[in-house]
Each structure stands twice: as structure tokens, then as C-alpha cells.
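>>> heads up, no residue letters with this:
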């Protein structure tokens with residue numbers, strides 16, 4: 001950059017700034033500024049022959065006045081005139097003024113754009129840099145429209161100076177962030193990747209930032225960057241610090257570039273090429289090894305740079321999730337940081353280990369640090385670190401350590417910061433439910449939770465307790481006894497009164513045999529809390545009282561007196577008054593049988609997922625909740641969900657709520673299969689239909705059907721006879737909105753929200769009816785805009801004939817009798833095939849049950865064979881099916897025989913099932 005001569009010192013500006021600083025009051029400052037503004041205005045208007053120096057000085061004064069917080073309404077034209085100067089200092093002040101004061105709606109924007117174009121075409125690197133900096137600083141849509149096509153040409157031109165390439169890359173990055181739809185993807189994209197090989201590390205650093213952002217939106221266009229990034233990273237991590245002297249920061253070679261390259265590699269799965277993968281593994285091992293070396297400097301800048309590279313390398317290892325050795329090493333390295341004296345390192349270590357806990361390879365290694373994490377929960381002074389410790393305990397929890405972790409969380413809850421109590425309550429409730437083998441422990445845990453932190457126990461928590469107690473006969477008596485004892489405390493939280501009122505109203509009869517918990521004692525205990533409660537709780541208690549009248553006729557008169565009292569019949573709250581009146585009349589006029597019918601025990605709730613997870617997801621924000629699935633992540637980085645997975649959603653804005661609530665009305669005309677399989681439902685020719693995960697769903701109903709760098713599509717489905725319901729979950733894996741989002745299936749599903757926020761998940765429900773037997777599966781076509789580019793995805797939905805199976809139990813005699821009846825040649829299909837997977841008896845049983853038929857034990861004379869029976873339900877007919885699977889362990893082969901009353905059904909079912917073994 002040219003040196004500034006002494007004549008450019010602008011003494012007048014220095015004097016003005018000194019005067020402002022010496023002002024004793026705000027009024028004096030305003031007076032001095034107004035005097036200067038009048039002087040500048042007269043100079044601009046009066047003397048038409050102002051030289052460049054004077055213009056620069058006065059424009060600079062205006063800029064200073066603006067930065068002091070005063071409005072500037074003139075001088076813009078003089079600043080634009082400075083852009084045409086050939087002096088660097090004058091041009092610089094002109095661009096600085098424009099960057100700060102000129103908005104995108106200014107009438108001068110065309111003049112400014114012309115001046116910028118002239119500087120970009122000048123081939124003077126100094127002027128080109130100033131112009132590029134101005135474009136990036138303003139970053140308006142008008143700037144993007146004017147220069148988005150010009151800047152890429154400058155970036156990849158062979159004769160462009162290195163400093164200009166840096167500025168061009170960063171300018172393009174800025175425009176891509178502000179107006180992504182205006183940055184064209186063209187032939188330059190292939191050439192920009194090769195900047196990773198540039199000799200100048202500054203150019204490589206700027207180019208890496210640009211490529212990373214572009215690769216997140218269009219990963220396929222920048223796949224070639226992986227090999228170049230690995231090669232460049234390898235050269236950096238294996239070099240001595242003296243080799244990259246200009247880019248060595250406190251003995252760490254090019255730390256910023258290393259971090260950016262590692263982030264770029266996180267946009268892609270592990271390299272398929274073995275040599276490239278080996279080289280990348282070697283780089284990551286080298287970074288982990290260097291972390292173990294003694295520090296080369298005691299200065300904090302050295303450790304910061306070294307740890308920045310290390311944490312980014314660990315993030316890449318976690319992202320790939322395919323190298324067990326590296327994952328365990330990363331976990332051990334993070335474990336060392338858990339007791340580091342630097343708070344930030346402890347925080348980052350806990351945060352990274354939360355992600356590691358979800359990997360099947362490193363989960364056990366993470367669990368070895370449980371005591372350290374528990375200690376951090378108790379001793380850390382920083383609340384944010386304690387919160388990360390809670391997150392990690394939640395993520396590392398499984399059946400082996402659930403009771404200990406829940407106990408520690410409950411213990412910490414008594415002294416926890418108020419800001420994180422609600423979150424801890426939700427996590428304890430989720431863990432207690434998910435890993436409860438003995439549901440008496442679950443009931444004890446939740447009641448303890450209400451006792452310790454009742455104010456932070458949301459409705460979702462106590463609703464869930466009641467659902468579980470009602471659905472499990474084995475715990476109802478214990479729950480009634482436990483809440484009865486808990487209510488005897490002098491001070492009970494209102495949430496405990498709600499739970500107690502509901503459970504005693506339903507199951508108080510189970511403990512009424514004990515004189516210490518007789519019906520009258522139960523009623524008096526509940527009613528003693530009545531006057532201390534809010535209106536909703538009083539309403540619930542009134543409902544419990546009328547239930548008592550049904551359960552215990554001997555307390556009917558006592559309860560009627562309470563309902564008849566003025567405090568109830570003339571209550572100021574209309575809800576309480578109405579309940580009291582109606583319940584009193586019901587108890588008076590209804591016979592015992594009618595009363596028993598009206599007030600019978602609540603039926604079991606439909607099996608559904610916990611809405612507590614929705615509450616936690618909403619509190620944590622998109623993408624912040626650790627994976628709670630038992631099956632952990634598979635080696636390719638996707639998550640294989642188990643049958644009772646907890647990671648699906650119901651609403652279009654939040655995840656993890658009650659997806660199996662079938663009370664919602666089915667869509668009209670749910671004649672899905674007729675519409676789905678019509679000729680017009682074929683996907684567009686330009687979009688290849690994804691079938692990669694289709695076979696996995698033959699024997700299961702839940703999981704991830706499609707995933708790429710941008711979008712994850714999960715399914716959860718259930719079938720009853722010829723009807724089905726499928727929940728499709730669209731997860732935005734990026735931080736950018738998906739716009740104009742739509743899905744088409746040539747049916748009329750509930751419309752999806754056209755916008756999916758970054759990191760959010762959205763649900764769509766499909767109602768399905770099997771009209772007749774079929775072989776082709778429907779194709780779901782998805783369209784959305786991401787970063788201005790239109791994305792088309794077609795996914796084959798796993799709606800197969802076996803999904804409409806109803807399992808049928810049969811005796812040995814009935815089975816063989818039916819087997820003979822289906823003896824016609826066209827009714828039997830037999831296939832002998834080589835085993836594709838290890839021949840495991842338990843796995844085979846699970847697959848046959850997942851296929852939909854009943855597994856019949858003791859039917860086949862050979863106990864090693866598998867025999868099953870079921871009925872395929874369609875709208876018009878039912879097709880019985882018998883199957884026999886004969887494994888040959890020595891030859892590693894199977895023989896599958898299927899007999900049904902329809903040859904097309906036999907053929908299709910045989911094709912589907914044989915592929916699973």
C-alpha cells in the first residue's frame with residue numbers, strides 16, 4: 001500500500017478533532033460541529049475549484065462528525081468525485097465515506113458503480129483492492145447485481161495479483177451471504193477449487209472460506225476440493241514451523257488455514273479413495289500427536305492456536321464417525337481437557353464429548369469420564385460449564401448408568417442455578433422414562449422431581465406420569481400408595497396435588513383396604529389442599545371427588561356436602577361453579593350403574609412418544625439436543641433409529657412430540673394407493689429416484705429414508721389391516737432457510753410449510769389405504785430453494801405389500817391343513833439363495849416378525865426352520881399367507897417357500913423377504 005506523505009496529514013482535521021475533545025459540554029460540542037458544518041457547506045458550494053486535498057479533508061471531517069452520531073445530509077457528491085482521483089489517499093477516503101454513509105437506495109449508486117467498474121478494470125492492484133473492499137463493505141443487493149458476475153472472473157484470472165485474489169474471494173463470499181441467488185454458479189467454480197493449490201497461503205485461506213460456504217449449498221460442484229484440501233492440510237501439519245515462516249503463529253503453522261481446511265472437509269463424508277482416506281487419517285493422527293507434545297511456548301496465543309486446530313480436527317473425526325481408533329483417541333484427548341485450568345477448554349471439551357457420546361464407537365469411552373463430569377457438575381463455578389456437564393451426562397446415559405446419572409442430576413437440582421433448572425427437570429424426566437426397567441423407580445423419581453423443583457416441572461412432565469401409570473397395571477397400586485404418602489407432607493407443591501388428585505381419583509380403591517388410607521382419609525387429605533390451589537387444580541380435584549363417589553359410595557354424602565356448599569355452587573369462577581353443579585346433580589339423579597358407566601376408569605392412552613422431548617427441543621433450539629437413540633450412529637454418520645425411536649416430530653415448527661396420536665381426523669379420500677400408482681405420479685425424468693435405504697424398511701417402520709448434505713428425511717409409520725399412516729419428517733441440516741419447499745405425491749396430504757428454518761424439522765402426514773395387491777412403491781418428489789438454487793429430490797417411499805399383514809396365530813394341525821389347501825403350483829413360490837448377512841437365529845426371528853407375520857413355534861419338525869402365518873388386508877379382499885424359511889448353516893444358504901391364494905402376492909412377498917437375508 002502506498003506510503004502517506006507528510007502533506008497528507010490533514011492538519012485541519014487534527015485541529016478539529018482536538019477542538020471536539022476539548023469541549024467542556026455537549027452544547028459546546030454541538031456548537032463547534034455546527035460551525036464546522038457551515039464552513040464545509042460554504043466551501044463545497046462557494047469555491048468550485050477545490051483541490052483534491054481540500055475535498056479529502058472536508059469529507060473526512062464529515063465522516064468524523066457522522067461517527068460522533070450526527071446526521072450528515074450533504075457531501076456525498078464530493079466523496080463520489082474523490083473516487084475518480086488517481087491519488088491513493090483521496091480515493092481511500094472517498095471509498096471509506098461511501099462504505100459508511102451511502103445506503104443502497106441512494107441516487108448516487110449508479111455513479112459509484114461506474115467508479116468501481118473503472119477501478120476494477122484499471123488492473124492497478126491498489127485501486128482494485130479498494131473497490132473490492134467497498135463492494136464487500138456495502139454488500140447491498142444492487143452491488144451484487146452489478147458485480148457478482150465480474151468478481152469471479154477477477155478471482156480466477158491468471159494475471160490477477162495475489163492480494164487482489166484474496167480480496168476478490170472474500171468479496172464474493174460477502175455477496176454470497178447477502179444475496180446468494182445473485183452469485184452465478186458457472187465454469188469459474190471448477191477453477192476456484194484449484195486456488196487451494198496456490199503458492200500464496202493468503203489466497204488459499206480466502207479461497208477456503210469461499211469454497212466452504214459454496215460447498216454447503218452445492219456440495220456436488222465442489223467435490224474435487226476434498227483431495228486438494230487433504231493434500232494442502234497434509235503439507236501444513238507435516239511441515240516445520242520455519243517452512244511457513246510468514247504464516248506461523250506462535251510456533252503453530254498456519255492455524256487459521258488449518259482450521260478452515262478442516263471445516264471444508266466437514267462438508268463431505270469420508271473420502272472413498274483408500275489412499276486419500278489414509279492420508280487424511282495420518283493428518284488427523286499427527287494433529288492428535290502434536291497435542292500431546294510439550295508446549296513450545298508458555299504464551300496463551302500458542303496454546304489457543306494449537307487447541308483451535310485440535311478441536312476442529314476432533315470435530316472432523318466426529319463428523320466422519322468411521323474411524324474407531326481416532327474417535328477413542330479424540331475422546332481421551334478431550335478427557336484430559338475436562339480437568340484443565342482454563343475454563344474455555346473445559347467448556348469446549350464437554351461440548352465436543354456430547355457429540356462423541358452419540359457414536360457407537362466412542363460411547364463407551366465417553367462413559368469412562370462419568371465421575372469427572374459429575375465432579376464438574378458439583379464444583380464448577382461457571383454456570384455455562386455446569387450446563388454443558390448436564391448435557392454430557394444426558395448424552396452418555398444408557399441402561400447401565402441411568403440410575404446413577406438421574407440420582408446425581410436430582411442431587412444437583414437442589415442447588416442448581418435457576419436458569420437451568422427447567423432444562424434439568426426435563427432431562428431427568430426423559431431419562432427416567434426412557435431407561436425405566438422398574439416403573440416404581442420412575443414414579444419415585446418424578447415425585448422426587450416435583451418435591452425438589454416443583455415450580456420448574458411443566459405440565460408435560462406430570463401429564464406423562466399419569467399416561468404411564470394409567471397404561472401400566474403393575475405400577476398403579478404403587479403409584480397410588482406413593483402419592484398418598486407424599487401428600488401427607490405439610491407443604492406440597494401444586495403439581496404434586498394434581499398428580500395425587502388424578503391418580504387417587506382413578507386408583508384410590510387399590511389402597512382403600514388399609515385403614516390408614518381409607519376412602520374418607522384419602523378424601524380429607526385431598527380436600528385439605530383444596531383451598532391452597534389455583535383454579536385449574538381445584539377443577540381437577542372436583543373431578544377426583546366425583547370419581548370417589550363412584551369408587552367409594554360410603555363417602556358420597558360427605559362429598560355431596562362439599563359440592564353443595566356456597567363456596568362451590570356460588571363460586572366466582574364459572575368453570576368451578578359449573579363442575580360443582582353438574583357433579584352434584586349427576587351424583588343425585590344417576591343410578592349406580594349409570595354412574596359407574598359415566599365415571600369408569602380412564603382407558604389406556606395410545607402408545608405415543610413423549611411430549612417432554614418437544615419441550616426440551618424447543619428450549620434448546622434446533623440442532624442442540626444430543627442423540628438419545630439406543631442404536632447410536634452408524635459408521636457413515638447417519639443415525640439408524642430403532643423401532644421406538646424418540647427423534648420424530650408432530651408439528652411443523654418443533655420436533656419430538658406425540659406422533660402416534662391417531663385422534664386427528666384422517667384426510668378425506670385416503671385412497672392413496674390408487675392415486676400413488678397412477679401413471680402421472682412418475683417422478684420427473686431429470687431427478688433420479690433414491691432407493692438406497694428402501695430395502696432397510698421391509699422389516700421396520702421407522703428410520704432415515706434419505707439424507708444428503710442439506711436434507712434429512714425420516715419416516716415413522718404404522719399400519720392396521722388395510723390402513724396405514726406415515727409421518728414424513730423433513731430436517732434442514734444447514735443454517736440457512738429452505739424456501740418454496742413442496743412435496744408432491746399425487747395425493748392430497750396435509751400441505752407442508754413452504755419455509756424450513758435452518759436446523760429445524762417439519763412433519764407431513766400421509767394416510768394410506770391398500771385397495772388391492774401391488775408391487776410398485778410410490779415416489780415422493782421434493783422441491784425447495786436453497787441459497788437461490790432449486791433442489792429436486794425423489795425418494796421411493798417404503799409402502800410395500802407386507803406392511804398390510806395382520807399376524808395370525810395357528811396350531812400345527814391348522815397350519816399343515818391350510819398348507820395343503822394352498823398346494824396349487826401357481827400358489828407357491830420357492831427361492832433358494834445365498835446368505836448375504838451372517839446367519840443369526842435371533843436376527844432372523846426379528847426380521848420375520850418385522851416382516852409382519854406371526855412366528856409359529858413348534859410347528860415345523862425341524863426346530864432350526866422358521867414358520868410364519870399372516871393375512872394381507874386390502875380394501876376388497878384378504879389374502880392368507882404361509883411361509884417357511886429353511887436355513888442351511890453349512891452351505892450358508894436359505895430356502896424360502898411362500899404359499900398364498902394369489903400368485904402375484906406370493907411372488908412379491910418372496911422378493912421382499914429374500915432380500916433381507
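Yes, it's here. These numbers were taken from a predicted model, which means no experiment stands behind them.

>>> name the helix or strand for the nearest residue to residue 445 once chain neighbours are set aside, please.
Leaving aside its sequence neighbours, residue 445 sits nearest to residue 432 (CB to CB, 6 or more residues apart in numbering; 4.2 Å). Where you see a C-beta, it was placed from the backbone N, CA and C, and this is true even at glycine. Residue 432 is located in helix 418-434, with elements delineated by DSSP states H and E.

>>> count the neighbours of the residue lying closest to residue 311 once chain neighbours are set aside for me.
Leaving aside its chain neighbours, residue 311 sits nearest to residue 348 (5.7 Å; criterion: CB to CB, 6+ apart). Residue 348 has 21 neighbours, counted by other CB atoms under 10 Å.

>>> then residue 189?
Residue 189: 18 neighbours (other CB under 10 Å).

>>> residues contacting the strand or helix carrying it, please?
Using DSSP H and E, residue 189 maps to helix 188-193. For helix 188-193, contacts defined as CB atoms under 8 Å, 6 or more residues apart in numbering pick out 152-153, 155-156, 169, 207, 210-211, 214, 218, 221-222, 224-225, 228.

>>> highest neighbour count among those residues?
Within the contacts of helix 188-193, most neighbours by other CB under 10 Å means residue 207, with 29 neighbours.

>>> nearest to residue 720, of the contacts of helix 188-193?
residue 218 (42.8 Å; CB to CB).

>>> returning to that earlier point: wait, what's in contact with the residue nearest to residue 445?
402, 406, 441, 442, 445, 446, 449 are the contacts of residue 432 under CB under 8 Å, 6+ apart.

>>> right, and the last one touches residue 428 too?
Yes: in this structure residue 449 lies within contact range of residue 428 using CB atoms under 8 Å: 5.7 Å.

>>> got a list of what the nearest residue to residue 91 once chain neighbours are set aside touches?
Sequence neighbours aside, residue 85 is the residue nearest to residue 91 in space, at 5.2 Å (criterion: CB to CB, 6+ apart). Residues in contact with residue 85 (CB under 8 Å, 6+ apart) are 52, 91, 94.

>>> count of neighbours near the last one?
Applying other CB under 10 Å, we find 26 residues neighbouring residue 94.

>>> show me the contacts for it.
Applying CB under 8 Å, 6+ apart, the residues near residue 94 are 56, 59, 79, 80, 81, 82, 83, 85.

>>> so which of the residues you listed comes closest to residue 22?
For the contacts of residue 94, with residue 22 as the reference and CB to CB as the criterion, the closest is residue 59, at 23.2 Å.

>>> secondary structure element holding that closest one?
Element membership of residue 59, judged by DSSP H and E, is helix 52-67.

>>> how about that helix: buried residues?
52, 54-65 (16 or more other CB atoms under 10 Å).

>>> packing partners for it?
helix 11-21, helix 26-46, helix 76-82, helix 88-101 (3 or more CB pairs under 8 Å, 6 or more residues apart in numbering; DSSP states H and E).

>>> how much does it deviate in direction from helix 11-21?
20 degrees (axes from the mean of the first three to the mean of the last three CA atoms, to 10 degrees).

>>> what is the subsequent helix or strand relative to the helix holding residue 189?
Following helix 188-193 toward the C-terminus (DSSP H and E): helix 201-217.

>>> for that following helix, packing partners?
Helix 201-217 packs on helix 162-178, helix 188-193, helix 225-237, helix 255-265, going by 3+ CB pairs under 8 Å, 6+ apart.

>>> any idea of the mean pLDDT in the shortest one?
Throughout helix 188-193, pLDDT has a mean value of 83.

>>> can you list the buried residues in that helix?
Neighbour-count burial for helix 188-193 [16+ other CB under 10 Å]: 188, 189, 192, 193.

>>> now find how far off-centre that helix is within its chain.
With CA atoms, centre = their mean, to the nearest Å as the basis, helix 188-193 stands 32 Å off its chain's centre.
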